[in-house]
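> what would the 3D arrangement of this be:
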Amino acid sequence: MIDWGLVAKVAGAGFGVTILVLTLLAIIVWLVSLVTRESESQGEEKK
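Next up is the predicted model:
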């Protein structure tokens, strides 16, 4: 017999972890773009 409560917990945890990882990746990419944009603008000011 299938324990549907356990199935829901496993599926929900997997979905939650996926969303968490994607959110963290989006924040990391955003921060890297800010740093890159800032360093590029400082490089242009020196020229």
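> helices of the protein, start to end?
4-46 (DSSP state H).
> low-confidence ranges in it?
Applying pLDDT under 70 to the chain flags the ranges 44-47.
> again, only using 90
For the chain, the stretches with pLDDT under 90 are 38-47.
> send me stretch 4-16 as PDB with only the CA atoms.
Written as PDB, here are the backbone C-alpha positions of stretch 4-16 (Å, rounded to 0.1, in the frame of the first residue of the first chain):
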ATOM      1  CA  TRP A   4       0.400   9.100   0.400                       C
ATOM      2  CA  GLY A   5       1.400  11.200   3.400                       C
ATOM      3  CA  LEU A   6       5.000  10.200   2.900                       C
ATOM      4  CA  VAL A   7       4.800  10.700  -0.800                       C
ATOM      5  CA  ALA A   8       3.600  14.300  -0.200                       C
ATOM      6  CA  LYS A   9       6.400  15.000   2.200                       C
ATOM      7  CA  VAL A  10       9.100  13.700  -0.100                       C
ATOM      8  CA  ALA A  11       7.700  15.500  -3.200                       C
ATOM      9  CA  GLY A  12       7.100  18.700  -1.200                       C
ATOM     10  CA  ALA A  13      10.600  18.600   0.300                       C
ATOM     11  CA  GLY A  14      12.100  18.000  -3.200                       C
ATOM     12  CA  PHE A  15      10.100  20.900  -4.700                       C
ATOM     13  CA  GLY A  16      11.100  23.200  -1.800                       C
END
